[in-house]
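Engineer: curious how this folds, go ahead:
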Amino acid sequence: GDNAARTIELPFGFPFYSRLVTSIWITTNGLITIGHANPGGGNSQTTLNSYAAIAPLWDDLRTDGSAQPGEDIYMSRPSPDSIRFRWIAESLRPGSSNGDPVNFAVTLFENGNIVFHYGSGNRGVSPTVGLSRGTETFMQIVPSHSSTGGISLENAQTVMWSFPGADFTTFSDEWVNANI
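Structural biologist: Down below sits the predicted model:
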């Protein structure tokens, strides 16, 4: 599709900043959001900052074109503690009926780690690549992978996000009266 989003229930609680996420919104434009959908292809660092989001290659993409066979978003389980989403898509070019092939994936791990993978194609894209907590206080962009002009992420370096000590198994938002 084009500018479409779908909710996905995760097979495990995924720690993302200060929350334990059990479902996500995945979009045809290479953006994963938490809490609500943003199917639009209007990517920017400013816009990313307003969403709790994972952006492996957020750009104006479509998954129902003809630039390459099998265009869609695929989900797999590489291991019991991970889930992978893989885009076989194409970039949208103004005035053209089809774009260039785009191939990338993101793997979410039960411990909170995130890995961005890049394959063939991915030329002439203008992506926003990074993570956002969804507040003005924190957003992390990968400068070598983000551009407002056309860049190539063909077989680009994998990006791994690791959050040491991200153990939310004992997280509680209850107030405890300590009788002080």
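Engineer: only C-alpha atoms from now on, for both contacts and neighbour counts.
Structural biologist: OK.
Engineer: ok, and the closest non-adjacent residue to F16?
Structural biologist: Closest residue to F16 apart from its sequence neighbours, by CA to CA, 6 or more residues apart in numbering: G112 at 6.3 Å.
Engineer: quick one: L131 and I141 touch, right?
Structural biologist: Yes: counting by CA atoms under 8 Å, L131 does reach I141; the two are 6.6 Å apart.
Engineer: give me the more crowded residue out of the two.
Structural biologist: L131 (26 against 16; other CA atoms under 10 Å).
Engineer: in this structure, which segments are predicted with low confidence?
Structural biologist: Low-confidence segments of the chain (pLDDT under 70): 94-97, 136-139, 164-180.
Engineer: go again with 50.
Structural biologist: 165, 168-180 (pLDDT under 50).
Engineer: quick one: the nearest residue to P78 once chain neighbours are set aside from T33, how far?
Structural biologist: Distances taken as CA to CA, 6+ apart place R84 nearest to P78, at 7.0 Å, with adjacent residues excluded. R84 sits 15 Å away from T33, going by CA to CA, to the nearest Å.
Engineer: neighbour count: the two, which is higher?
Structural biologist: T33 (24 against 19).
Engineer: show me the beta-bridge partners of that one.
Structural biologist: Beta-bridge pairing for T33 (DSSP bridges): W25, A53.
Engineer: the longest strand along the chain pairs with which strands?
Structural biologist: If you go by DSSP state E, the chain has its longest strand at strand 5-16. When pairing is defined by DSSP bridges, strand 5-16 lines up against strand 19-27 (antiparallel).
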